[in-house]
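**Student:** Next one to model:
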Amino acid sequence: MSNCCARSYERFFGERTARRDARRYRRKGLDPTAQRLVDEVAARGVTGASVLEVGGGVGAIELELLKRGAARATNVELSHGYEHEARALLAEAGVEERIERRHGDFVAAEAALDQADVVVMHRVVCCYPDPEALVGLGAAHARHLLALSFPRDTWWIRLGSRVVNVFFRAVGWIESYVHSPARILAAAQARGLTPVHDHSGRLWRTAVLERE
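**Tutor:** Numbering: from 1, shown residues only. All right, here's what the predicted structure looks like:
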């Protein structure tokens with residue numbers, strides 16, 4: 001990801017977004033799409049597992065997976081804006097020593113990251129222009145499971161994305177991408193993973209792939 005894109009990401013996903021996300025998590029828990037990912041991962045065994053989340057924001061999914069039995073987690077986040085709220089949530093849960101937070105572009109930094117039993121990419125593929133690179137490297141880091149959520153590929157979601165991107169470009173924010181699900185899943189399957197869950201909601205599609 002270019003420096004320009006990274007700065008746009010910082011502006012869009014800043015401290016205000018972090019405060020909103022942390023407040024919502026404290027009050028209501030995970031959003032339905034994230035909850036589905038956690039449930040599907042936990043159903044396939046997460047006790048003692050290591051978790052790597054790409055673009056994990058304030059870290060709510062990691063906290064929930066730790067509650068389900070995961071041993072530790074690493075969050076790789078491009079925006080610094082989440083750090084204060086994320087650290088507060090870690091302290092409230094008493095798991096500061098079990099979750100490591102790293103800053104940077106996962107694709108650029110992946111060589112320095114260890115594999116994990118579970119890799120999670122929740123609503124992050126739609127923020128990245130190259131799904132083969134992002135999902136392929138995520139799959140390569142997954143010893144057991146890769147859990148994804150991304151926009152459904154429908155004409156009205158593609159149209160909405162194009163309209164929103166016109167505004168986003170005008171104000172210097174990030175662009176969103178509605179990648180073909182076939183491209184996304186193929187990138188993971190090319191790294192030896194097999195789909196074991198696929199669900200389409202109104203806006204978001206979730207998928208879990210497993211390494212045999």
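**Student:** Just give the closest residue to A88, not the sequence neighbours.
**Tutor:** Leaving aside its sequence neighbours, A88 sits nearest to A22 (CB to CB, 6 or more residues apart in numbering; 6.9 Å). Yep, even glycine has a C-beta here, placed from its N, CA and C like the rest.
**Student:** What is the neighbour count of the one you found?
**Tutor:** Residues near A22, counting by other CB atoms under 10 Å, number 21.
**Student:** And for L148?
**Tutor:** 29.
**Student:** and if you look at A43?
**Tutor:** Using other CB under 10 Å: A43 sits among 12 other residues.
**Student:** what separates it from E62, distance-wise?
**Tutor:** A43 is 17 Å from E62, where distance means CB to CB, to the nearest Å.
**Student:** Next, G14: phi, psi?
**Tutor:** Dihedral pair for G14: phi -100, psi -160, per degrees, to the nearest 10.
**Student:** Could you measure from the closest residue to it other than its chain neighbours over to A109?
**Tutor:** What sits nearest to G14 in space, not counting adjacent residues and going by CB to CB, 6+ apart, is G81, at 3.8 Å. G81 sits 18 Å away from A109, going by CB to CB.
**Student:** what does R143 give?
**Tutor:** Distance, R143 to A109, by CB to CB: 19 Å.
**Student:** Also A70?
**Tutor:** For A70 relative to A109 (CB to CB), the value is 22 Å.
**Student:** So between those two, which is more surrounded?
**Tutor:** With neighbours defined as other CB under 10 Å, A70 and A109 compare such that A70 has more, 24 against 14.
**Student:** what's the burial count for R16?
**Tutor:** The burial count for R16: 10, using other CB under 10 Å.
**Student:** Note down every partner strand of the strand ranked longest in the chain and its orientation.
**Tutor:** As assigned by DSSP state E, the longest strand anywhere in the chain is strand 142-151. Partners of strand 142-151 in the sheet, by DSSP bridges, are strand 116-122 (parallel), strand 204-211 (antiparallel).
**Student:** pLDDT averaged over the next helix or strand after the first one - what is it?
**Tutor:** To tie it back to what came earlier, the one meant is strand 116-122. Using DSSP states H and E, the helix or strand that directly follows strand 116-122 along the chain is helix 131-140. Per-residue pLDDT over helix 131-140 has a mean of 96.
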